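Enquirer: After the sequence you'll find the predicted model.
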Amino acid sequence: MIPVPGEAMVLAAGLGVRLRPLTLDRPKALVEVGGVPLIDRTLDRLQAAGVRRAVVNLHYKGNSLRQHLALRRQPEILLSDETALLLETGGGVKKALALLRAAPFYVVNCDIIWRDAHGDSLADLARRWDDDAMDALLLLHPTVSAIGYGGVGDFFMDPLGRLARRPESMVAPFVFTGVQLLHPRLFEGAPEGPFSLNRLYDVAAENGRLFGLRHDGAWMDVGTPAGLREAERALAEGG
């Protein structure tokens with residue numbers, strides 16, 4: 001257990017290809033759901049949890065996002081510019097480590113929405129964190145109840161919360177929500193340039209240091225127009 005981290009990174013540099021045509025004139029982070037840009041929904045959740053500083057990475061139509069974030073006062077926003085080279089999830093977080101002082105820190109995808117059945121899942125992650133045992137703690141949602149998600153899940157979780165990757169021929173009971181706590185040591189030995197966080201998850205899993213926490217509530221993948229429409233319906237119905 002640790003105090004709720006005061007720092008976070010929001011992954012907002014993606015090209016938003018799956019959300020076209022909505023992203024032809026704006027970055028994915030500025031697509032609105034229920035009249036609220038995705039980036040603000042994410043930052044509002046982080047601020048409510050006690051996060052004081054958030055790093056946001058920029059690439060596609062980054063100036064639009066930069067101008068939007070300049071109007072925001074809380075949390076404090078630091079920008080990690082990937083205009084010259086899109087670094088993917090792992091490379092993006094590795095670059096941002098120079099701007100982050102907390103260990104561990106939150107990392108959140110901007111193309112998801114989550115609602116908690118009770119309490120606050122960000123605080124729950126902090127309560128669950130075991131610094132001696134963990135390098136990464138991922139918030140997981142049951143695959144069968146994920147809104148706007150058409151995949152076959154990502155992970156199996158044992159009774160202690162350790163994670164194992166889904167074998168190719170199987171359906172996994174849990175999908176990764178895009179909300180997580182990471183320790184900087186996860187990036188020790190990580191490559192330079194673009195790479196996926198999945199590469200580091202697999203190393204942590206091999207070492208028994210990748211853990212998960214089940215999310216209770218609603219989780220929505222809004223990375224596609226269809227997913228966005230489902231999320232709009234769910235939010236209108238109180239999801």
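Expert: Nice, thanks for sending it over.

Enquirer: which regions of the chain sit below the pLDDT cut-off?
Expert: Within the chain, the ranges that satisfy pLDDT under 70 run 239.

Enquirer: Which strands and helices lie in contact with the top strand by length along it?
Expert: Ranked by number of residues, the top strand in the chain under DSSP state E is strand 174-182. Strand 174-182 is packed against strand 105-109, strand 112-116, helix 121-128, strand 136-142, strand 155-157, with contacts defined by 3 or more C-beta pairs under 8 Å, 6 or more residues apart in numbering; DSSP states H and E. In this view, the C-beta of every residue, glycine as well, is placed from N, C-alpha and C.

Enquirer: As a check, name the ranges of all helices in this structure.
Expert: Applying DSSP state H to the chain gives helices spanning 38-49, 62-69, 88-96, 121-128, 197-206, 225-236.

Enquirer: where's the residue lying farthest from the centre of the chain relative to A205, distance?
Expert: Ranking residues of the chain by C-alpha distance from their mean position (C-alpha atoms, centre = their mean) puts S169 at the top, at 25.9 Å. Separation of S169 from A205 (C-beta to C-beta, to the nearest Å) stands at 18 Å.

Enquirer: re earlier: outside of the longest strand of the chain, which residues touch it?
Expert: Strand 174-182 has contacts (C-beta atoms under 8 Å, 6 or more residues apart in numbering) with 5, 11, 93, 104-109, 111-112, 114, 121-122, 125-126, 129, 134-143, 146, 149, 151, 153-157, 212, 214-215, 219.

Enquirer: How about that strand, which residues are buried there?
Expert: Neighbour-count burial for strand 174-182 flags 174-182 (criterion: 16 or more other C-beta atoms under 10 Å).

Enquirer: any chance of these in a markdown table, plus distance to T42?
Expert: Shown next, in a markdown table, are the buried residues of strand 174-182 (distance: C-beta to C-beta, whole Å):
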| residue | distance to T42 |
| --- | --- |
| F174 | 21 |
| V175 | 18 |
| F176 | 16 |
| T177 | 12 |
| G178 | 9 |
| V179 | 9 |
| Q180 | 13 |
| L181 | 15 |
| L182 | 16 |
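
Enquirer: Name the nearest of these relative to A49.
Expert: Closest approach to A49 among the buried residues of strand 174-182 (C-beta to C-beta): V179, at 10.6 Å.

Enquirer: Please name the bridge partners of that closest one.
Expert: As for beta bridges, V179 partners with V108 under DSSP bridges.

Enquirer: So it versus S169, what's the distance?
Expert: Note on V179: its distance to S169, by C-beta to C-beta, is 28 Å.

Enquirer: V4 now?
Expert: Look at V4 and S169: by C-beta to C-beta, they are 39 Å apart.

Enquirer: ok, now V55?
Expert: Distance, V55 to S169, using C-beta to C-beta: 38 Å.

Enquirer: wait, L46 sits on E7?
Expert: No: taking C-beta atoms under 8 Å as the definition, L46 is not a contact partner of E7, at 9.4 Å.

Enquirer: which residues are common contacts for these two?
Expert: Shared contacts of L46 and E7, defined by C-beta under 8 Å, 6+ apart, are found at 54, 106.

Enquirer: What residues sit buried inside stretch 212-221?
Expert: The neighbour-count check on stretch 212-221 (16+ other C-beta under 10 Å) flags 212-213, 215, 218-221 as buried.

Enquirer: residues in contact with stretch 21-33?
Expert: With C-beta under 8 Å, 6+ apart as the test, stretch 21-33 has contacts from 10, 12, 14-17, 19, 37-39, 41, 56, 58, 60-62, 64-65, 68, 110-111, 113, 222-223, 225, 228, 231-232, 235.
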